[in-house]
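>>> here you go, sequence then predicted model.
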Amino acid sequence: MTRAIEELIPDYLRGLPVYQPGRPIEEVEQELKIRAIKLASNENPLGPSPKAMEAVKKALGESHRYPDGGTHRLREKLANIHGVESQEIFMGLGSSEIIDVVARVLLGPGKSGLTAEGSYAPFSVAIRASGAKLVRVPLRNWTFDLPAMAEAVTRETRLVYLANPNNPTGTAFGMKELEDFLGRLTEDVVVALDEAYLHYAEREDMPRSVELFRARKNLLILRTFSKVYGLAGLRVGYGIGQAGLLAVMNKLRTPFNITSVGQAAAFAALDDHEHMQRSITTNCAERKRLFEQLRELGLQPVRSEANFIFLTVGPEAKQLCEELLQHGVIVRPLGWMGFPEAIRISVGSAEENDRLVAVMARVWPGRAVKREIG
Ligand code: PLP
């Protein structure tokens, strides 16, 4: 970049971290010349819903037409499911776009956005990219410390990002904790509650967020079709929030942001209860099995409410991921998310999890012994 162009870039955009996605399977396979499995991006190992795939095939034939720019049918359907108005549904290019657009609407220089140190990195990026001040509160017991976050709210705070369950730790807070937190905020602070992994949570007192939204309008609930619905590649997410806020967000999003194929797939996936239920039960069973097997290897996984498991493994976390990769198993080192000593493993299919455990059993004990001696 030339100096003149560099000087055009506002200070608050310089040095923003790059989002680091999990490595694509094809790339690793080509490099190492072995079959690889990817347990790095919290995808659905069962694949997309068959009903969604059928709908995609039909929609492809209309690809020469622009999609419905207002995503009316899908919003209507989601509104019915959640018992809200369709103007209270915002469609995003994945929930990623919603994380970004809401910050552009509510934040800017002189304001401040709040999240946790150790939560989903794009929250912090969105706050910083708006020119607002980023305030981060440390996690407590690997989860959001909501009382401390309430203390950290100031007059400049306009937006708070929470992920429940949290990525990358997989922990969740309950209804009462969220209600107490919301009760301590004034109405000019919007809470973006990212529930990408909600369906996987087993905790019985998970917040009934839509009920809270109906009672308290300063919640913006974020949901995605990328996880339990298995449509990560089609990029569809939605928000449930106050109509006035969503109307402004709609002005900022890209026109026609949701492709016709994405709209058709999401619409059909909502009717595939069997696929969703199977995705949830498989994940719960495999998560439990993987958790126990990792423990048997002497590792210390954190109990997860999501479709991934967080492990603190020590200063050689990155090296461990590299060794797993050499055996064709892609997992995620978490230095870039603020945990240089931890890794995150997505819960895969039974076969994938068996392979991860087998490779870990070869790679980890040596390291554990070395650590004790060293
Ligand atoms: N929010 C959280 C907490 C996530 O972990 C992810 C993806 O991993 C996203 C949002 C983004 O999801 P999407 O594919 O809907 O953009």
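Happy to help now that I have it. Numbers count the residues shown, from 1 in each chain.
>>> from here on, contacts and neighbour counts on C-alpha atoms
Noted.
>>> which residues are in contact with residue 86?
The neighbours of residue 86, taking CA atoms under 8 Å, 6 or more residues apart in numbering as the test, are 75, 76, 78, 79.
>>> please apply the same query to residue 312.
299, 300, 301, 341, 342, 343.
>>> got the contacts of residue 86 as TSV, with pLDDT and neighbour count columns?
Listed next are the contacts of residue 86 as TSV, based on pLDDT from 0 to 100; neighbours: other CA atoms under 10 Å:
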residue	pLDDT	neighbour count
75	98	21
76	98	16
78	98	21
79	98	17
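>>> residues of the host helix or strand of residue 277 that come out buried?
Under the criterion of DSSP states H and E, residue 277 resides in helix 273-296. For helix 273-296, a neighbour-count test (16 or more other CA atoms under 10 Å) marks 275-276, 279-280, 282-284, 286-287, 289-291, 293-294 as buried.
>>> all strands of the stretch 251-374 of the chain, in order?
308-312, 329-330, 332-333, 342-346 (DSSP state E, counting those that start in this stretch).
>>> scratch that, the stretch 101-250 of the chain
112-117, 133-138, 157-163, 190-194, 219-224, 237-240.
>>> right, and the ones you listed - which one's nearest residue 25?
Among the strands of the stretch 101-250 of the chain, strand 219-224 comes nearest to residue 25, with 22.7 Å by CA to CA.
>>> what's the farthest-apart pair in the buried residues of helix 273-296?
Pairwise distances across the buried residues of helix 273-296 peak at 27.5 Å for 275 and 294 (criterion: CA to CA).
>>> list just the nearest of the contacts of residue 312 to the ligand.
Using CA to the nearest ligand atom, residue 343 comes nearest to the ligand of those, at 14.4 Å.
>>> confidence score at the residue lying closest to the closest one once chain neighbours are set aside?
In space, and not counting its chain neighbours, residue 343 is closest to residue 333: 4.6 Å by CA to CA, 6 or more residues apart in numbering. You'll see residue 333 listed with a pLDDT of 94.
>>> hmm, residue 333 is touching residue 321, no?
Yes. Counting by CA atoms under 8 Å, residue 333 touches residue 321, with 6.2 Å between them.
>>> find residues that contact each of the two.
residue 343.
>>> how about the residues of the stretch 101-250 of the chain by the ligand?
Taking CA under 6 Å from any ligand atom as the contact definition, the stretch 101-250 of the chain meets the ligand at 120, 163, 167, 194, 196, 224, 226, 232, 235, 237.
>>> mind listing what the last one touches?
Contacts of residue 237 were listed using CA under 8 Å, 6+ apart, and they are 91, 92, 93, 94, 95, 96, 98, 222, 223, 224, 225, 226.
>>> cool, the fourth one as well?
Listed by CA under 8 Å, 6+ apart, the contact set of residue 194 reads 161, 162, 163, 164, 221, 222, 223.
>>> so the fifth one versus the ligand, what's the distance?
It stands for residue 221. From residue 221 across to the ligand, the span is 11 Å (CA to the nearest ligand atom, to the nearest Å).
>>> circling back to that earlier point, now distance to the ligand too, for the strands of the stretch 251-374 of the chain, in TSV please.
Formatted as TSV, these follow (distance: least, CA to the nearest ligand atom, whole Å):
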stretch	distance to the ligand
strand 308-312	10
strand 329-330	15
strand 332-333	12
strand 342-346	10
